[in-house]
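> What shape does this take:
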Amino acid sequence: MASKEKREEIFSSYPIPKAVAALAVPSVLSSIVNVIYNMADTYFVSLMKETDATAAVSLTMPVFLFFVAFGNIFGVGGSAYISRSMGEGRSDRVKKISSFSIFMSIISGALLLALILLFIKPLISALGATSGIVYNYAYDYLKYIAIGGPMIVTSITAGNLVRGEGAARESMTGMMIGTITNIILDPIMILALDMGVGGAAIATVIGNVASVVYYAIYLMRGNSILSCNPKRFSVRDGIARNVIPVGIPAAINNLLMSVSNIILNNFIKDYGESAVAALGIAMKVNMLVAFLQMGIGIGVQPLIGYSFGARNMQRLKKTMRFTMICTLIIGSALTILYFIFTSEIINIFNGENDPMVTEYGVKILRGLMLAGPFIGIMFTYNFAFQGMGKPVPSLVISLGRQGLIFFPLLVIMSRFVGFNGIVFAQPVADLTCVVLAAVMFAAVNSGLKKNPEFYPEKKDEKIE
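Modelled structure (predicted):
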C-alpha cells in the first residue's frame, strides 16, 4: 500500500507517462470491472434461456444508472475537490470533503430506495415493459436493487474519493472485491437456487456491500488522508458549494444515459422483444469501450486537479495530450475488434440463440462503435473540466451528449431513417460533442492565460 507521501509524489514529480500509468491503469481496470459487473447479470440471466428475462434486466439498467449518478455527484465532485485541495496544500479540508461526500451518499441512496419502492409499478411501465412476463421479471429485479441502494451509492462514492487522493490501486481493489463477489454469487443465486432475475439483483447488492466494507477498513487503518468520521461532516466552508456543482455534470451524464436508454427502449419496442433484448445487449457490450476510455479520463482527473490547484498548467496540458493519444489508440483497436467479431460478441449474451436478437444486435453495436476511436477525447476534456473545478463546460458536454444534441437527433433521424436513425443518433451526438469540448477548452485556457497565477511568464515547455 503506497504511503501518503508516495501518492502525492505521483501528482507532483512523476514524469507524465509514468504518472498517467500509475493513476489510469488501476482506473481502467476498475472501469472494466464495472462493465463486467453490469454484464455479469445479463450473461447469467441469459442462461435461463428466456428472452423475456434478458429484456427485463436490460429494461431496468436505467434505474441502476440513477444510483451511479448519485454516487458520482458526491464521488466525482468530492474527488475533484480533494485533488485540488491537495495541490493547494489543504489536507485539513480533505477530511471534511470526504466525510461530507460519504454521508450524503448514504442519505441520497436511502431517498432513492424510498422513491423506487413507492413508485415501482408505474416506473416499470415507464421503462417500456411490453408484456406481463417482462413486467414481473423487472419487478423482481428492481425491488432488490432499490433495497441495496444506499450501499450501491456509497460504494461508488467511496471508490471515487479513494482514487481522488491518489490511491488508484486501493480504489480498484475495492471495486474488484465487489465484482468478484457478484460473479461468484450470480450463478449460485440465479441458477443453482433458482432465484432468477431477483437472485441477480441480490448478488449485485451483496457485491456492493463487500466493496463498502473494504473501503471502510481502508479509511480506518490510518494510511489515508480521507475521513468517514461523522464529526468531520460539514456543508460549510465551501464544501457543498465545491463538491455538488462539479459532481452534477457527471451525475447528469448518468441520469441522461438512463433517460436516453428509457427513450431508446420506447422507440425500439415497436420492433419487438428481440429488438429490445438486442439493444440492451449492444448497449452493455458497448459500455466496455466507453467505460474503458472513461476510465482513463477518470484516472488522470486527480492529476489534472492537483496540477490545476498547484497552478502548473504545463503539466496539466501535457497530461491531457498524452491521455488523448492513449484513448485514440485504444478506441481504434477496440472498434476494429468489435467490427470483426460483432455477431460472436452479441451471441455470448443471446441465451436462446434468437436469430433476430443477433441481427438487430449486430446493426446496433456497429452503429454505436462509429464513435469508438474518438469518444475518449471527449471524456478527457470532460474530466479535465471537472478536475479544474469548471462545472459549466462539463455540464454542457453531459447535456449535449445524452440530451440536447442526442434527443433531437433521435427524433429526426428515427422519423426519416427509421431503425437506422435510432441506431446512429448516439454516435453522431458523440462526435459532435468531441468538437464542442475542444472549442470550450480552448476558451477556458484563453481566459486562464490572462491570470498570472496560471501563466506567470512564457516558457518553452520542457519534454518530460
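> any idea of the mean pLDDT in the helix or strand containing residue 361?
Assigned by DSSP states H and E, residue 361 belongs to helix 355-368. The average pLDDT within helix 355-368 is 87.
> downstream neighbour of it in the secondary structure list?
Downstream of helix 355-368, the first helix or strand assigned by DSSP H and E is helix 375-387.
> what packs against that next one?
Helices and strands touching helix 375-387, by 3 or more Cβ pairs under 8 Å, 6 or more residues apart in numbering; DSSP states H and E, are helix 51-87, helix 239-268, helix 273-309, helix 313-340, helix 391-399, helix 419-448. Every C-beta, even on glycine, is put in place using the N, C-alpha and C of the backbone.
> Just want the most central residue of the protein.
A centroid search over the chain (Cα atoms, centre = their mean) returns residue 291, at 6.4 Å, as the residue closest to the centre.
> pLDDT wise, what is it at?
Per-residue pLDDT puts residue 291 at 79.
> in terms of contact, does it touch residue 33 like I think?
No - counting by Cβ atoms under 8 Å, residue 291 does not reach residue 33; the two are 9.4 Å apart.
> how much does the helix holding residue 361 deviate in direction from helix 375-387?
Relative orientation of helix 355-368 versus helix 375-387 (axes from the mean of the first three to the mean of the last three Cα atoms, to 10 degrees): 60 degrees.
> thinking again about what came up before, for residue 15, see how far away the residue nearest to the centre of the chain is.
Distance of residue 291 to residue 15, given as Cβ to Cβ, to the nearest Å: 27 Å.
> Same question for residue 33.
Taking Cβ to Cβ as the measure, residue 33 falls 27 Å from residue 15.
> More neighbours: which of those two?
Neighbours per residue (other Cβ atoms under 10 Å) separate residue 33 from residue 15, with residue 33 holding more: 21 against 12.
> three-state assignment of the nearest residue to the more buried one once chain neighbours are set aside?
Distance criterion Cβ to Cβ, 6 or more residues apart in numbering; nearest residue to residue 33, sequence neighbours excluded, is residue 179 at 4.5 Å. Three-state call for residue 179 (DSSP: H, G, I helix; E, B strand; the rest coil): helix.
> Tell me which other helices or strands the one helix or strand residue 143 maps to touches.
Secondary structure assignment for residue 143, by DSSP H and E: helix 132-147. Helices and strands touching helix 132-147, by 3+ Cβ pairs under 8 Å, 6+ apart, are helix 51-87, helix 91-118, helix 120-127, helix 196-220.
> Out of those helices, which gets nearest to residue 418?
helix 51-87 (21.2 Å; Cβ to Cβ).
> how far does the closest one sit from the chain's center?
How far helix 51-87 lies from its chain's middle: 6 Å, per Cα atoms, centre = their mean, to the nearest Å.
> mean confidence for that helix?
In this model, helix 51-87 has a mean pLDDT of 80.
> That helix versus helix 273-309: what angle between them?
Using the same axes, to 10 degrees: helix 51-87 against helix 273-309 is 0 degrees.
> so helix 51-87 versus helix 120-127, what angle?
Relative orientation of helix 51-87 versus helix 120-127 (the same axes, to 10 degrees): 90 degrees.
> Would you mind listing where the stretch 51-200 of the chain has pLDDT under the threshold?
When residues are selected by pLDDT under 70, those of the stretch 51-200 of the chain lie in 51-52, 58, 128-131.
> before we move on, the earlier item: out of the helices and strands packed on helix 375-387, which one sits most buried?
Highest mean neighbour count among the helices and strands packed on helix 375-387 (mean count of other Cβ atoms under 10 Å): helix 51-87, with a mean of 27.
> coming back round to it: tell me the spatial nearest neighbour of the residue nearest to the centre of the chain, not counting adjacent residues.
In this structure, residue 291 finds its nearest non-sequential neighbour in residue 31, 4.2 Å apart by Cβ to Cβ, 6+ apart.
> residue contacts, the one you found?
Residues counted as contacts of residue 31 (Cβ atoms under 8 Å, 6 or more residues apart in numbering) are 291, 292, 294, 295, 298.
> In the residues you listed, find the pair that's most separated.
Pairwise distances across the contacts of residue 31 peak at 10.6 Å for 292 and 298 (criterion: Cβ to Cβ).
> Buried residues, the helix or strand residue 414 falls within. List them.
Element membership of residue 414, judged by DSSP H and E, is helix 406-417. The neighbour-count check on helix 406-417 (16 or more other Cβ atoms under 10 Å) flags 406, 407, 409, 410, 413, 414 as buried.
> pLDDT at the last one, what is it?
Reading off the confidence values, residue 414 has pLDDT 85.
> Residue 422 is in contact with that one, correct?
Yes - contact criterion Cβ under 8 Å: residue 414 and residue 422 qualify, at 4.9 Å.
> any residues in contact with both of the two?
Common contacts of residue 414 and residue 422 (Cβ under 8 Å, 6+ apart): residue 267.
> Distance check, the nearest residue to residue 395 once chain neighbours are set aside against residue 71.
Nearest residue to residue 395, sequence neighbours excluded (Cβ to Cβ, 6+ apart): residue 249, at 4.2 Å. Distance of residue 249 to residue 71, computed by Cβ to Cβ: 14 Å.
> With residue 90 instead?
Using Cβ to Cβ, we find residue 90 at a distance of 24 Å from residue 71.
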